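[1] Attaching a predicted model along with its sequence, questions to come.
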Amino acid sequence: MILGLHPLDVAVIVMAFFAVIAVGVWVSRGVKHKTDFFVGGRKLGSVLQFFLNFGTMTDSNGAPMVVTGVYSQGASGMWVPFQPIFSTPFYWFSAVWGRRTRLITGPDQFIERFNSRKLAIAMAWWGIITSILGGGLGNIVSYKVAAAMFVKPESAYNVTEERLIGDYREYQEDSKAFVAGTLPAKKKIRFEELSARYKNGTLPSFISYINPLPFYIIYTLVVMIYILLGGIKAAAYTDAIQGVLILVFSVLMIPVGLAKVGGLSGLHQRVPEHFFNIFGSVQLSDYTWYAIAAFVLMGTITLLGTPGGCGSATDERAMRIGVLGGAFAKRVVMIAWMFCGLLAVAILPGTISDPDNAWGTLAYSLLGPGLLGLMISGILLGHMPGVGAGAVNFSATFTRNLYEPLITGRSEHHYMIVAKLAVVATLALGVVGAMLFSGILTLFTTIVSIGAFFGALGLLMLFWRPLTAMAAGSGWIIWMIFLIVLPWGLPHFQGFQTNPRLTVQTPARTIMVKTPATSDDIAAGRAMKVGEVILRPQVISPVPVYFSSVTRTKPDDPTSTLKGTGRFHIEIYVLSVLGVPVESFKTSGLNCSRWLVDSIGPFLLLMGLTILLPRRHRRHSSAAVVPSEVIDVAKPHEDVSPDEAARIRDMTVNGIVDPASYAAIIMEGNISLLYRPDETIEQEKVRIDRYYAKLKTPVAPTPEADEKELVKTFTDPTRFNKNKLFPKSNWEFNRWTKMDVIGFGSCWLIVFVIMGILWLALNVGKV
C-alpha cells in the first residue's frame with residue numbers, strides 16, 4: 001500500500017495528472033494574445049462553452065459539499081448548493097446581459113457605466129479578496145475529500161493519534177445518550193468539553209496520511225502548470241475531460257452502496273424518514289421551505305446581477321446553450337450526489353466526526369482498487385478547471401484594471417508575463433485562504449451573502465439610470481462593514497462575546513421523530529422487527545441566536561460564563577432591535593431572517609444613497625468629436641498600440657470618441673481609454689446612452705460583424721428604444737420577445753422535470 005492506497009489507485013491518479021498537463025501543452029499552441037489567454041479569443045463554440053460552464057458550475061467539489069449537507073440534515077441539507085435550481089431559468093436573460101457587455105473583466109463596467117477609475121480599482125482589489133475566499137473554499141473541499149481516502153490503519157497510530165480517536169469514540173457514545181436524554185449528570189462536563197472540540201473541528205474520526213499544506217502546494221502546482229500554458233481555453237478542454245469523470249463517479253457508488261444496504265427499501269429502513277423530506281422537517285431541519293425560499297432569492301439576485309462565463313462565447317446562441325446546458329446538467333448530477341449522501345447516512349451512521357469528510361469516507365468504504373483511484377482523480381481533477389478559470393479571471397482583472405493603467409506603453413509580451421504571474425499569485429492566495437478557513441458550508445454561505453450586494457449593484461447598473469458612482473462606492477463600503485467587518489470583528493472583543501444579551505440560545509427541546517427500529521429497540525420491546533417505523537424521542541440541542549456557536553469560557557466548568565464565537569449574525573441583531581422576536585425562532589427561521597436581510601438590504605441601501613447623495617457637478621462644454629482614423633478599424637481584433645492609446649487620450653480630454661473608434665475600443669476591451677477625468681454633462685449623457693444602447697444590441701456571429709453592429713448603435717443610441725418596456729421612465733427593461741417567452745417557459749418546464757426526478761429518487765422504495 002502507498003499512503004493507504006493500492007498501487008493501482010496511485011497509478012490511475014498519476015496518469016490523470018499527466019493527462020491534464022498534456023492538455024495545457026496542446027492548447028498552448030493557440031495562445032498568442034491576451035484575449036486568447038483571457039477569453040479564448042471570444043471563439044468558444046456551443047460544445048466547449050457547455051463544458052466550460054458545466055465544469056465551472058458543477059465543480060466536482062460540489063459532490064462532497066452536497067453530501068456534507070445531506071449527512072448532517074437529510075435531503076434538505078442539499079439546498080445550500082442546490083438552490084440555484086430555481087434561479088437557473090434566469091440564465092436565459094442574465095447570460096445574454098453578460099455577453100452583451102462585451103467586457104473582459106467585471107471592473108471595466110465601472111469605467112464605462114460611471115466613468116469612475118477609483119471604483120474600478122476598488123472592485124479589482126475586491127476581486128483579489130474573493131479569489132482568496134473562492135480558491136480557499138475549493139482547496140478545503142479537495143483536501144477533506146482526499147484526506148478521507150488516504151486513511152491510516154489503527155496499527156500505524158502514534159500515542160497522540162490513539163488518544164484523539166479514543167476521545168472521538170467517547171464523544172460519539174455520550175452524544176447518543178444526550179440525544180436520547182439518558183446522559184448521566186456526572187458526564188455532562190466532559191461531554192460539553194468534547195462537544196466544543198467537535199464543533200471546532202479538533203476531534204477527528206480518523207487519521208489521514210496527508211496534511212493540508214503539502215497537499216495544497218502540490219495540487220496548486222498542477223493547476224498552475226496547465227493554466228499558464230493554455231489559459232481559459234485549457235480550462236475549457238480540461239472541463240470536457242473532467243465532465244466525463246464527474247458523470248462516472250457521480251453514479252459509481254450508488255449501485256455498490258444500494259447492494260450493501262439491501263436496495264432502495266433497505267435504504268429507507270436504515271435512514272430516518274425525515275431525512276427523505278426534500279423541504280426538511282419544520283422541527284429538525286435548518287432548511288425548511290421558507291429558509292430555502294429566502295436563500296433562493298439571495299442566490300437569484302447574485303446570479304442576475306453578476307453574470308459570468310459568457311465573454312468567451314462566439315455569440316448569444318453558443319452562450320445560451322453553454323450556460324443553460326451546463327447549469328441544468330449540474331442540477332441532475334446533484335441528485336446523484338444527494339443519493340450518495342443518504343447512502344453515507346445508512347452505511348456510516350455516527351462514524352464521521354466532520355461531515356465534510358463524508359464523501360471521501362463513503363468512497364473509501366465502497367470502492368475497490370482502481371475504482372477508488374478513478375474517484376480520487378475525478379474529485380481532484382474536477383475541481384482544477386474551476387480553480388484555473390477563477391485564476392484566469394483574476395489575472396485579467398489584475399492585469400487590465402490595476403497594472404496596465406499604472407504601467408503603460410509596454411509590449412504585448414510584457415503584459416502576458418504579468419498576466420501569468422498574476423495567475424501564480426492568485427493560486428498561492430487560494431492556499432492562504434484554505435489555511436484561514438475550515439468549514440465548507442460556513443465559507444460558502446458567506447460568499448453567497450457577500451455576492452448578493454454585487455448582484456443588487458449589477459442589476460441596478462444594468463437597468464436603473466439614476467444610480468451614481470457615489471452611491472455605488474459608499475454603499476459598497478457600508479455593506480462590507482455591515483456584513484464582514486462587524487460580524488467577524490466584534491466577536492474578538494472580550495466584553496462583546498460574553499455579553500449575556502448576545503449569548504442567548506434557543507431552549508433545548510425534546511420531540512418525537514419517526515425512525516427505523518434497530519435490534520436494541522426490539523430488545524427493549526419498542527418494536528417487533530428491525531426496520532419497523534417507530535416514534536423515538538430526540539433532544540434538540542440549544543442553538544445560538546446571534547453567534548455561530550456559544551461555548552463556556554472554561555470548558556470544564558458548566559457554571560462559567562458563556563461566550564460567543566465565530567460569526568456574529570448582525571442581520572438577526574438588527575431585526576431584534578426593530579422588534580422582531582428572533583429569540584423565539586428555530587434555526588431555519590434564523591437562517592431565513594439573515595438571508596432576507598442580505599437579499600433586500602442592498603437594494604434599499606443603494607437606491608436610498610442615490611437619492612440622498614448629490615450627483616457630482618459637471619460643467620457644460622462644446623464637445624469635439626474624435627475622428628475614426630484614430631484607430632485602424634481595419635484591424636479591429638489586435639490590441640490598440642501605445643501610440644494610438646496616447647493619441648486617443650490627447651484628443652478626447654474634452655471630446656467624445658466617434659462611433660467607429662468607440663466600437664473598436666469596446667471590442668478590444670481597452671475600456672480604460674474611455675475614462676474622462678473632467679467629464680462634461682454632454683459627455684456623460686453620450687456615455688450613458690451608448691452604454692444602455694450597447695446592452696440592447698444583439699451579439700453578431702463574428703467579432704467583425706459585431707463591431708459593425710456596435711458602430712450603428714453608437715451612431716444612433718436610440719436605435720432600440722422601441723423595445724423599452726417603460727418608454728418614458730428611468731428603467732431600462734426590454735419587452736420580452738416571442739423567443740424569450742418560449743425559452744424562459746421551457747426552462748421552467750425543465751426545472752419541474754428535475755424536481756420530479758428528485759421526488760422519485762426520494763420516494764421509490766419507501767415502505
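    Happy to help now that I have it.
[2] count of neighbours near Asp579?
    Wrong residue type there; residue 579 is Gly, not Asp. Residues within reach of Gly579, counting by other Cβ atoms under 10 Å, total 7. Every residue, glycine included, has its C-beta placed from N, CA and C.
[3] same check, this time on Tyr290
    Neighbours around Tyr290, by other Cβ under 10 Å: 16.
[4] give me every residue that touches it.
    Taking Cβ atoms under 8 Å, 6 or more residues apart in numbering as the contact definition, Tyr290 lies against Ser588, Gly589, Cys592.
[5] Now name the helix or strand holding the second one.
    In this structure, Gly589 sits in helix 587-612 according to DSSP states H and E.
[6] now that helix: mean pLDDT?
    In this model, helix 587-612 has an average pLDDT of 89.
[7] Work out the gap between it and the centre of the chain.
    20 Å (Cα atoms, centre = their mean, to the nearest Å).
[8] For Ser746, see how far away the residue nearest to Ile225 when sequence neighbours are not counted is.
    Nearest residue to Ile225 in three dimensions, chain neighbours excluded: Ile21, at 5.4 Å (Cβ to Cβ, 6 or more residues apart in numbering). For Ile21, the distance to Ser746 equals 40 Å [Cβ to Cβ, to the nearest Å].
[9] cool, and Ser593?
    For Ser593, the distance to Ser746 - Cβ to Cβ - is 35 Å.
[10] Those two - which one has more neighbours?
    Ser593 (22 against 13).
[11] Tell me who's in contact with that one.
    Under the criterion of Cβ under 8 Å, 6+ apart, the contact list for Ser593 reads Ala294, Glu571, Ile572, Leu575, Val580, Val582, Phe585.
[12] related to what we said a few turns ago, what is the nearest of the contacts of Tyr290 to Leu613?
    Cys592 (31.7 Å; Cβ to Cβ).
[13] all helices of the stretch 51-200 of the chain, in order?
    For the stretch 51-200 of the chain, the helices defined by DSSP state H, counting those that start in this stretch cover 62-73, 79-82, 91-101, 108-114, 117-147, 159-180, 188-199.
[14] Find me the pLDDT at the residue of the chain most remote from its centre, would you?
    The outermost residue of the chain relative to its centre, with distances by Cα atoms, centre = their mean, is Gly525 at 48.7 Å. Looking at Gly525, its pLDDT stands at 75.
[15] Secondary structure element holding it?
    When the helices and strands are read off by DSSP H and E, none of them contains Gly525.
[16] Surely Ala472 touches Gln109?
    No: at 10.6 Å, Ala472 does not count as touching Gln109 under the criterion of Cβ atoms under 8 Å.
[17] Find residues that contact each of the two.
    Joint contacts of Ala472 and Gln109 (Cβ under 8 Å, 6+ apart) are Met461.
[18] Pick out whichever of these two has more residues nearby.
    Neighbour count, other Cβ under 10 Å: between Ala472 and Gln109, Ala472 has more, with 23 against 19.
[19] quick one, what contacts that one?
    Ala472 neighbours (Cβ under 8 Å, 6+ apart): Phe110, Phe114, Ser116, Leu119, Leu457, Met461, Leu606.
[20] what do you get for Arg719?
    Ala693, Lys696, Thr697, Lys712, Thr713.
[21] Just give the nearest non-adjacent residue to the fourth one, would you?
    In this structure, Lys712 finds its nearest non-sequential neighbour in Arg719, 6.6 Å apart by Cβ to Cβ, 6+ apart.
[22] Got phi/psi on that neighbour?
    For Arg719, the backbone dihedrals (degrees, to the nearest 10) come out as phi -50, psi -40.
[23] can you tell me how far it sits from Glu707?
    Arg719 is 15 Å from Glu707, by Cβ to Cβ.
[24] and what of Ala318?
    18 Å.
[25] Which residue of those two possesses the greater neighbour count?
    Ala318 (23 against 20).
[26] Check which helix or strand the more buried one maps to.
    Using DSSP H and E, Ala318 falls in helix 316-347.
[27] Would you pull up how far that helix lies from the middle of the chain?
    Counting by Cα atoms, centre = their mean, helix 316-347 comes out at 15 Å from the chain centroid.
[28] Now do that helix: which elements does it pack against?
    helix 46-58, helix 62-73, helix 79-82, helix 91-101, helix 212-261, helix 263-270, helix 358-366, helix 738-763 (3 or more Cβ pairs under 8 Å, 6 or more residues apart in numbering; DSSP states H and E).
[29] how about these in TSV, adding distance to Trp488 and mean pLDDT?
    TSV is the format used below for the helices and strands packed on helix 316-347 (distance: least, Cβ to Cβ, whole Å; pLDDT from 0 to 100):
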stretch	distance to Trp488	mean pLDDT
helix 46-58	28	54
helix 62-73	22	76
helix 79-82	20	74
helix 91-101	30	83
helix 212-261	22	72
helix 263-270	40	84
helix 358-366	27	77
helix 738-763	35	91
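[30] Tell me which of the ones you listed lies nearest to Pro602.
    helix 91-101 (16.9 Å).
[31] now that closest one and helix 316-347, what's the angle there?
    Relative orientation of helix 91-101 versus helix 316-347 (axes from the mean of the first three to the mean of the last three Cα atoms, to 10 degrees): 130 degrees.
[32] Show me what helix 91-101 is packed against.
    helix 289-305, helix 316-347, helix 681-695, helix 738-763.
[33] looking at those helices, which has the lowest confidence?
    Looking at the helices and strands packed on helix 91-101, the bottom one is helix 289-305 with a mean of 77.
[34] hmm, back to that, can you tell me which of the contacts of Ser593 is nearest Gly489?
    Glu571 (15.4 Å).
[35] neighbours of that closest one, just the number please.
    Other residues close to Glu571 by other Cβ under 10 Å number 21.
[36] check contacts around it.
    Ser593, Arg594, Val597, Asp598, Gly601.
[37] try it again with 7 Å
    Ser593, Arg594, Val597, Asp598 (Cβ atoms under 7 Å, 6 or more residues apart in numbering).
[38] Look up which helix or strand it falls in, please.
    Counting by DSSP H and E, Glu571 is part of helix 570-577.
[39] starting at the chain centroid, how far to that helix?
    With Cα atoms, centre = their mean as the basis, helix 570-577 stands 26 Å off its chain's centre.
[40] If we go by neighbour counts, what in it is buried?
    Ile570, Glu571, Ile572, Tyr573, Leu575, Ser576 (16 or more other Cβ atoms under 10 Å).
[41] does Arg197 really touch Phe191, like I thought?
    No: when contacts are counted by Cβ atoms under 7 Å, Arg197 is not listed as touching Phe191 (10.8 Å).
[42] returning to what we had before: comparing the helices and strands packed on helix 316-347, which stretch has the densest surroundings?
    Among the helices and strands packed on helix 316-347, ranked by average contacts under mean count of other Cβ atoms under 10 Å, first place goes to helix 62-73 (a mean of 27).
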